[in-house]
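1. I'll drop the sequence and a predicted model, then ask my questions.
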Amino acid sequence: MFEAKIKAIRQYVSAAGLQEIDYEIAKYPQDERQSAVMGALRIMQKEHGYLTREIMDAVAVYLVMAPMAVYEVATFYSMYEHKPVGRHLINVCTNISCKLCDASAIIGHLETHLNIKLGETTADGRFTLRAVECLGACVNAPMMQIDTDYHENLTLATINQILEQYT
Ligand code: FES
């Protein structure tokens with residue numbers, strides 16, 4: 001049984017990645033492997049760029065979970081991708097504080113500057129642009145996240161300069 005679990009996931013993850021997943025699993029009681037699902041999905045995505053159905057199924061087998069329970073987690077959180085994205089992911093918050101501070105203008109500026117619409121990726125594969133719900137930096141609205149970096153108190157004048165940091 002354990003062999004089958006290893007085989008299922010090893011098709012999709014490196015030995016180092018699997019070690020990382022085991023490290024996540026070890027944080028929880030032995031009969032609670034499924035608690036590592038978010039960490040396991042993050043590691044799989046780091047290696048593949050996005051999560052396919054086959055990858056989510058392999059995670060389900062390895063963590064002894066129903067596949068549906070893995071899909072629920074993977075589709076609920078905006079940090080999980082289900083199709084190829086650009087090298088850098090721009091998430092612009094459009095929740096209430098940011099909306100009141102003109103997040104729409106930020107998005108409009110990015111769409112024009114990058115020549116893409118929300119949900120699209122630039123032709124050179126550099127950026128994918130998305131709108132997301134509150135990212136917890138409301139006090140410094142409007143804001144956007146690029147990869148793991150927060151950029152707050154955005155103005156139309158600072159956006160292009162910020163983008164240049166990401167090649
Ligand atoms: S509303 Fe934008 S970070 Fe909270």
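-> Okay, I see it.

2. make it CA atoms for all contacts and neighbour counts henceforth
-> OK.

3. How far away from the center of its chain is the helix or strand of the chain with the lowest mean pLDDT?
-> When each helix and strand of the chain is scored by mean pLDDT, DSSP states H and E, helix 2-10 comes last, with a mean of 78. Relative to the mean C-alpha coordinate of its chain, helix 2-10 is positioned 25 Å out (Cα atoms, centre = their mean, to the nearest Å).

4. near the ligand at all, stretch 66-85?
-> No: residues of stretch 66-85 are not located near the ligand by Cα under 6 Å from any ligand atom, the shortest gap being 14.0 Å.

5. Residues of the protein that sit close to the ligand?
-> C93, T94, N95, I96, S97, C98, C134, L135, G136, A137, C138, A141.

6. coming back round to it: now do the buried residues in the least confident helix or strand of the chain.
-> Buried residues in helix 2-10, counted by 16 or more other Cα atoms under 10 Å: K5, A8, I9.

7. show me where the chain has helices.
-> With DSSP state H as the criterion, the chain has helices at 2-10, 15-25, 37-48, 53-63, 67-76, 96-100, 103-114, 156-163.

8. mind putting the ones you listed in CSV, distance to T148 included?
-> Listed next are the helices of the chain as CSV, based on distance: least, Cα to Cα, whole Å:
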stretch, distance to T148
helix 2-10, 26
helix 15-25, 19
helix 37-48, 13
helix 53-63, 23
helix 67-76, 18
helix 96-100, 19
helix 103-114, 18
helix 156-163, 14
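
9. Let me know which of those helices is tucked in deepest.
-> Greatest average neighbour count among the helices of the chain goes to helix 53-63 (a mean of 21), per mean count of other Cα atoms under 10 Å.

10. What average pLDDT does that helix get?
-> What helix 53-63 shows for mean pLDDT is 96.

11. now do stretch 127-143
-> 96.

12. How about stretch 155-167?
-> Rounded mean pLDDT across stretch 155-167 is 95.

13. what's the answer for stretch 29-47, then?
-> pLDDT averaged over stretch 29-47 gives 96.

14. Figure out the length between the terminal residues of that stretch.
-> Stretch 29-47 has its terminal residues 26 Å apart, counting by Cα to Cα, to the nearest Å.

15. Contacts for it, please.
-> 12-14, 17, 20-21, 24-25, 27-28, 50-51, 55-56, 59, 63-65, 70, 73-74, 80-81 (Cα atoms under 8 Å, 6 or more residues apart in numbering).

16. Can you give me the pLDDT of the residue nearest the centre of the chain?
-> The centroid of the chain falls nearest to M79 when counting by Cα atoms, centre = their mean (2.5 Å). At M79, the model reports a pLDDT of 87.
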